[in-house]
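# Please work out how this folds:
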Amino acid sequence: MDSYNAFMDDLGERIIDWADADKYFRSNGDWWLCDFRSAGTIALAYVAFVLVGSSIMQFLPAIDPYPIKFAYNVSQIFLCAYMTIEAAFLAYRNGYTVLPCQAYSTTDPPLANLLWLFYISKVWDFWDTVFIVLGKKWRQLSFLHVYHHFTIFLFYWLNANVMYDGDIYLTILLNGFIHTVMYTYYFICTLSPESRFRFGGNQV
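Numbering: from 1, shown residues only. Next up is the predicted model:
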């Protein structure tokens, strides 16, 4: 375990040094799950769940955890809507535009708290895959689906550590808005079984 921890800590430092060679800005490292040991372990556990969980579910009947799915969709609607609105407000208050490399305060970056929340929300998004595996919806368990969840989580781990450029608000705003619409649709589908049109979503 000690060798694993040392390896992950060293790997995390190397990635951060590569991404921010000039040491323009580094987070204080005190935020929850922002060390690479935690982030890397979560990402590996996610892939392990996909491999092991899908293998086990081959021998079990499909499971539809309706109460959990219902609560999850509601939580995602409120969370994603909040992040969308907050990103828009922060951009407006700080004069950010859609152009890249917006200047920001390295001592008190305005987007820091929101960026951390957005990063943590990528862990919450893993429930999408849990529902797919439990429901044995193998066509939806594509390489692209797993790759997307795995990489976007790690990319925002990196963003939460070194990349606070003002223009990053735009990724939060756009992703948050799309997810708000998407989870609203999923929520509606959980209310009416007859309306579960199969558009290839994670829950319908």
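# remind me, longest helix of the protein?
If you go by DSSP state H, the chain has its longest helix at helix 66-93.
# so for it, what's the average pLDDT?
Mean per-residue pLDDT for helix 66-93: 96.
# Spatially central, which residue of the chain would that be?
For the chain, residue 122 is the residue whose C-alpha lies nearest the centre (CA atoms, centre = their mean; 1.6 Å).
# show me what contacts it?
Contact analysis of residue 122 by CB atoms under 8 Å, 6 or more residues apart in numbering lists 149, 152, 153, 156. The way it works is simple: take the backbone N, C-alpha and C, and place the C-beta from them, glycine included.
# for those, which one is nearest residue 191?
residue 149 (25.6 Å; CB to CB).
# and that closest one, backbone torsions?
Dihedral angles of residue 149 (phi, psi; degrees, to the nearest 10) stand at phi -70, psi -40.
# With residue 99 instead?
On the backbone of residue 99 - angles per degrees, to the nearest 10 - the values are phi -80, psi 150.
# So the residue nearest to it when sequence neighbours are not counted: helix, strand or coil?
Spatial nearest neighbour of residue 99, chain neighbours left out: residue 167 (6.7 Å); criterion: CB to CB, 6 or more residues apart in numbering. The local conformation at residue 167, judged by DSSP: H, G, I helix; E, B strand; the rest coil, is helix.
# ok so, going back, gap between the residue nearest to the centre of the chain and residue 191?
Computed as CB to CB, to the nearest Å, the residue 122 to residue 191 distance reads 26 Å.
# buried subset of the contacts of residue 122?
149, 153, 156 (16 or more other CB atoms under 10 Å).
# pretty sure the first one is touching residue 129, no?
Read it as residue 149. Yes - between residue 149 and residue 129 there is a contact under CB atoms under 8 Å: 6.1 Å.
# Need the overlap of contacts for these two.
Overlap of the contact sets of residue 149 and residue 129 (by CB under 8 Å, 6+ apart) consists of residue 46.
# Can you pull out the low-pLDDT segments for the protein?
Across the chain, the ranges flagged by pLDDT under 70 are 22, 24-29, 193-204.
# That one: helices as residue ranges?
2-19, 36-57, 66-93, 112-124, 127-134, 143-162, 169-191.
# Chain neighbours aside, what residue packs nearest to residue 117?
Here the residue nearest residue 117, using CB to CB, 6+ apart, is residue 83, at 6.5 Å.
# now swap in residue 141 and tell me
With CB to CB, 6+ apart as the criterion, residue 141 has its nearest non-adjacent residue at 5.2 Å, and that residue is residue 132.
# so how far is residue 65 from that neighbour?
Relative to residue 65, residue 132 is positioned 12 Å away (CB to CB).
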